[in-house]
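Chemist: Generate coordinates for the sequence data below:
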Amino acid sequence: MKISIAQLNTTPDVDQNLERIVNAIGRASSEGADLVVFPEAAACSFDGRFAAFARERSEGFHDAVQVAANDHQVAVILGSFTPNEDDDRTSNTLVVFRPGQEPVTYDKIHLFDAFGFKESKGIAPGHRPVALDITGTRVGLAICYDLRFPELFTRLAREGAEVIVVVASWGDGPGKARQWDLLTRARALDSTSYVVACGQAVRDLEHEGEATKAPLGVGHSGVVAPDGDDVMRLDGAEAQQTVELDLARVTEMRESVPVLLNNKL
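Modeler: Residues are numbered from 1 along each chain as shown. Presented below is the predicted three-dimensional model:
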């Protein structure tokens, strides 16, 4: 399976975000990728009008991404927002687009009520883990703060996931990049799966306007093998890179260190 990671720095400008996403899908296809992964909040950044986007523009935005996935014959995983059916909050949603198929969604289960911030004030939690087949490989889904909960990753692996994609808008701060690096490796070891981790790039505050000053990413997107080794790891800048996964490593690791079978809890 060949995966392209698009570490972008998205903004409140939804039209600009869409243009860049479509361009990155085209590049991923030209590099032979089966799947291209974008960060959390790729459609509209957290300092944009994401609730209004969810209500008014998400459907059309997602339709345009589906068209791009169909045209380029590549699957897409994209961080977005959708209306919540139960109350007036918004859902923090991962949308999976596969050529010729209906999109599949995952709503973030673990909300970031930490470090003095309360994501649950405006975001409603999801309740259902999601794993699905992409070009014959079982892929699990996770978003940002989910990364701190190993039980989700081991559950997805027990449900057949060999690759777990986690997307993030991992706000910068003291020690945050180090935590991201450590946790992505730990979750790969916990689940003996590939962890494909795509986060927002570090913002170039010198060249962006006053409306986009929030630190919404640390970069460091990467692919971690089931033994915890980095297959690739980006720095903080915007970048796109395509890598091929050797899925035989999942089988080898699960046979040599069968933590999923040995777990008695």
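Chemist: Run through the helices of the stretch 1-150 of the chain in chain order.
Modeler: 14-30, 50-56, 58-72, 150-158 (DSSP state H, counting those that start in this stretch).
Chemist: export these to JSON lines and tack on mean neighbour count and distance to Arg249?
Modeler: Placement of C-beta: from N, CA and C, glycine included. Listed next are these as JSON lines, based on neighbours: other C-beta atoms under 10 Å; distance: least, C-beta to C-beta, whole Å:
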{"stretch": "helix 14-30", "mean neighbour count": "18", "distance to Arg249": "22"}
{"stretch": "helix 50-56", "mean neighbour count": "18", "distance to Arg249": "37"}
{"stretch": "helix 58-72", "mean neighbour count": "17", "distance to Arg249": "27"}
{"stretch": "helix 150-158", "mean neighbour count": "19", "distance to Arg249": "14"}
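Chemist: What residues are bridge-paired with the most centrally placed residue in the chain?
Modeler: Against the mean C-alpha coordinate of the chain, by C-alpha atoms, centre = their mean, the closest residue is Val167 at 2.0 Å. For Val167, the beta-bridge partners under DSSP bridges are Ile143, Cys198.
Chemist: Would you mind stating the distance between it and Val250?
Modeler: Using C-beta to C-beta, to the nearest Å, Val167 is found at 21 Å from Val250.
Chemist: and the nearest residue to Glu31 once chain neighbours are set aside, how many residues sit next to it?
Modeler: Closest residue in space to Glu31, ignoring its immediate chain neighbours: Thr242 at 4.3 Å, by C-beta to C-beta, 6 or more residues apart in numbering. Neighbourhood size, Thr242 [other C-beta atoms under 10 Å]: 19.
Chemist: circling back: quick one: the helices of the stretch 1-150 of the chain as a markdown table, columns for distance to Leu111 and mean pLDDT too.
Modeler: Shown next, in a markdown table, are those (distance: least, C-beta to C-beta, whole Å; pLDDT from 0 to 100):
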| stretch | distance to Leu111 | mean pLDDT |
| --- | --- | --- |
| helix 14-30 | 23 | 98 |
| helix 50-56 | 14 | 97 |
| helix 58-72 | 19 | 98 |
| helix 150-158 | 13 | 98 |
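Chemist: and the ones you listed as a markdown table, adding distance to Asp172?
Modeler: As requested, those are arranged in a markdown table below (distance: least, C-beta to C-beta, whole Å):
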| stretch | distance to Asp172 |
| --- | --- |
| helix 14-30 | 20 |
| helix 50-56 | 19 |
| helix 58-72 | 26 |
| helix 150-158 | 24 |
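Chemist: Wait, the residue nearest to the centre of the chain touches Gly79, no?
Modeler: Yes. Val167 lies in contact with Gly79 (C-beta atoms under 8 Å); the separation is 4.7 Å.
Chemist: Okay, the residue nearest to Glu31 and Asn17: tell me how far apart.
Modeler: Taking C-beta to C-beta, one finds Thr242 at 21 Å from Asn17.
Chemist: ditto for Gln241
Modeler: Distance check for Gln241 against Asn17: by C-beta to C-beta, it reads 20 Å.
Chemist: quick one on the thing from earlier: where does the residue nearest to Glu31 land on pLDDT?
Modeler: Looking at Thr242, its pLDDT stands at 98.
Chemist: got the contact list for it?
Modeler: Counting by C-beta atoms under 8 Å, 6 or more residues apart in numbering, Thr242 touches 2-5, 28, 31-33.
Chemist: Show me the two of those that sit farthest apart.
Modeler: Ile5 and Gly32 (14.4 Å; C-beta to C-beta).
Chemist: who's more crowded, the two?
Modeler: Neighbour comparison, Ile5 and Gly32: the larger count goes to Ile5, with 29 against 11 (by other C-beta under 10 Å).
Chemist: wait, doesn't the more buried one sit right on Glu238?
Modeler: No. The pair Ile5 and Glu238 does not pass the contact test of C-beta under 8 Å, sitting 11.3 Å apart.
Chemist: where do the contact lists of those two overlap?
Modeler: Joint contacts of Ile5 and Glu238 (C-beta under 8 Å, 6+ apart) do not exist.
Chemist: Many thanks, we can stop here.
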